[in-house]
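Asker: Got a predicted model here, sequence first, then my questions.
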Amino acid sequence: MNEDGLQVIRLDQALPGSLSPDALLVHSIMEPEVLVRPAPFYKAMRERQPVRYDEQAGMWFVSRHEDLLEITRDSETFSVGRAWNQTFAREYFDEYKAILIRDGGGYFPDAIMTDPPTHTRVRGLLQEAFTPSRIKKLEPLIRNVAADLVDSLAPRGQMDGVNDFAMPLTLSIMCAQLGIPLEDGPRVLRWTRALAAIRGAQSAEHMREEARHYCDLQNYVIACIRARQEQRTDDMISDLIYARGADGTETLSFDEIVSLARALMVGGLDSIGTAISTMLYLVASDPGIARKFEDSVPDESRLNRFIEEMLRLEPPARGLFRVATRDVVLPSGGRIPEGGLICLLFSSANDDESVFDHPRQFDMDREKLSRHLTFGGGMHICIGMHLARMQIKVAAQELHRRITDLKLTIPAEAARYHPTLAMLSLEDLPLTFTTR
């Protein structure tokens, strides 16, 4: 029994889906068994506590689609900038900042995780790195990288879908986009892990160790920027340096360029790699989805719908954060006090039965598919979403070109996930396949 007299059932001894909503909500969303199997918990929240304070997490969780739309449309009441400052390194933030100033070239706040008017100006200039012409120019490069990787794996007949394909592919594409040597890829991957670790640092010692890696990242980014200031290159870092506003005079500051280049280097690796890994998992573990995949890839419009449904059903990121700037009541009736730290569970909104019929079914022909919130919403909707979709599409096409009959070598329920709040990502994915 807990202090309220409710029976606490250990989730490692009962499948979350077998418990009642009330029994589930005795637990914290931060428990590993909830983090790796969140759908029943999300459903219980939407039904019983759509706006829920979690003591262990120290924040409010919002789970219904209509509430999340309200939040993403109101940047004045729900601050991104304050949320970023409250969630990064948390109680170790002051020491973390001092370490970066001393050893990492300076402290560079995240320029895109801000509120208007700063966000409006920065996003407009950042868009220079994500223009349709830039994305179109990148597609042949991405296709060549994907084709070479698939060709190297095809003779083996087996692979780890995460560590042999999804992450190496995403890492190689990132290096090409930013104009950095592929041999530096493993360092970038380590820096990506440092970013996640600092956000969830469990001790001052842990934070200090990861901050050391983050200093290496910043020093590397600064060197890349200095080199491109001396000689412009055709890559996204140069796009940031030479971006100009409509009047031809507005530019990004050096601090903003460092921040944005740093984000381009490490911000999308886990999310895109996780999305590609999830696509492989779904195709390999569900014969019905595998048939839809085989039928869809030759028709790009059908493949696009397949990818959208996959992103709705299993979004790589759970959500983003805001801070309430005043006491507020959401459409569901849930109340959040001024100063409350909020996690926007976009992954739960994608399962909201009031928007999506039978949300746990894979239905690429469903109505309202475009209403999923995998990429967020409002002014902070993911600026790289079109590039992410294109990378997933090209990965699917190149896999389909050489490989078929993907199968898991373990039971689907035995798949291992990293138990983190930020992402629902697989640790590994052992697969077999045949070549075409």
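Answerer: In hand now; what should we look at? Residues are numbered from 1 along each chain as shown.

Asker: Could you use CA atoms for every contact and neighbour count after this?
Answerer: Fine.

Asker: Can you give the distance from the longest helix along the chain to the centre of its chain?
Answerer: Using DSSP state H, we find that the single longest helix of the chain is helix 204-230. Its chain's C-alpha centre and that of helix 204-230 lie 21 Å apart, by CA atoms, centre = their mean, to the nearest Å.

Asker: try stretch 36-50
Answerer: In terms of CA atoms, centre = their mean, the centre of stretch 36-50 is found 20 Å from the chain centre.

Asker: Please name the bridge partners of the residue nearest to Ala154 when sequence neighbours are not counted.
Answerer: Taking CA to CA, 6 or more residues apart in numbering, and ignoring the residues beside it in sequence, Ala154 has Thr435 as its nearest neighbour in space, at 6.2 Å. Bridge pairing for Thr435 (DSSP bridges) gives the partners Ile403.

Asker: any idea how far the residue nearest to Gly200 when sequence neighbours are not counted lies from Thr114?
Answerer: Of all residues not flanking Gly200 in the chain, Ala89 sits nearest, at 6.8 Å (CA to CA, 6+ apart). According to CA to CA, to the nearest Å, Ala89 and Thr114 sit 17 Å apart.

Asker: Looking only at neighbour counts, state which of these two leads.
Answerer: Neighbour tally, Ala89 and Thr114, criterion other CA atoms under 10 Å: the higher count belongs to Ala89, 25 against 22.

Asker: Isn't the more buried one up against Gln202?
Answerer: No - counting by CA atoms under 8 Å, Ala89 does not reach Gln202; the two are 9.3 Å apart.

Asker: Between the two, which contacts overlap?
Answerer: Taking CA atoms under 8 Å, 6 or more residues apart in numbering as the contact rule, Ala89 and Gln202 touch no residue in common.

Asker: Does anything pack onto the helix or strand where Ser259 lies? Which helices or strands?
Answerer: Using DSSP states H and E, Ser259 sits within helix 254-266. When contacts are defined as 3 or more CA pairs under 8 Å, 6 or more residues apart in numbering; DSSP states H and E, helix 254-266 sits against helix 167-178, helix 185-199, helix 204-230, helix 236-241.

Asker: if you set the cut-off to 6 Å instead, what comes out?
Answerer: In this structure, helix 254-266 packs against no helix or strand, with contacts taken as 3 or more CA pairs under 6 Å, 6 or more residues apart in numbering; DSSP states H and E.

Asker: which residues are in contact with it?
Answerer: Where contact means CA atoms under 6 Å, 6 or more residues apart in numbering, the residues beyond helix 254-266 that reach it are 108, 110-111, 192.

Asker: Narrow these to those in helices?
Answerer: With DSSP H as the criterion, helices contain Thr192 from among the contacts of helix 254-266.

Asker: Buried subset of the contacts of helix 254-266 as a PyMOL selection?
Answerer: This is how PyMOL selects the buried members of these, with burial counted by 16 or more other CA atoms under 10 Å:
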select buried, resi 108+110+111+192
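
Asker: and of the contacts of helix 254-266, the nearest to Asn304?
Answerer: Thr192 (28.2 Å; CA to CA).

Asker: Just give me the neighbour total for the spatially closest residue to the closest one that is not a sequence neighbour.
Answerer: Of all residues not flanking Thr192 in the chain, Val266 sits nearest, at 5.0 Å (CA to CA, 6+ apart). For Val266, the neighbour count with other CA under 10 Å is 22.

Asker: With Met236 instead?
Answerer: The number of residues packed near Met236 is 22, by other CA under 10 Å.

Asker: do the same with Glu353
Answerer: Residues contacting Glu353 under the criterion other CA under 10 Å number 15.

Asker: pLDDT score for it?
Answerer: pLDDT for Glu353: 96.

Asker: Please consider this matter closed, and thank you.
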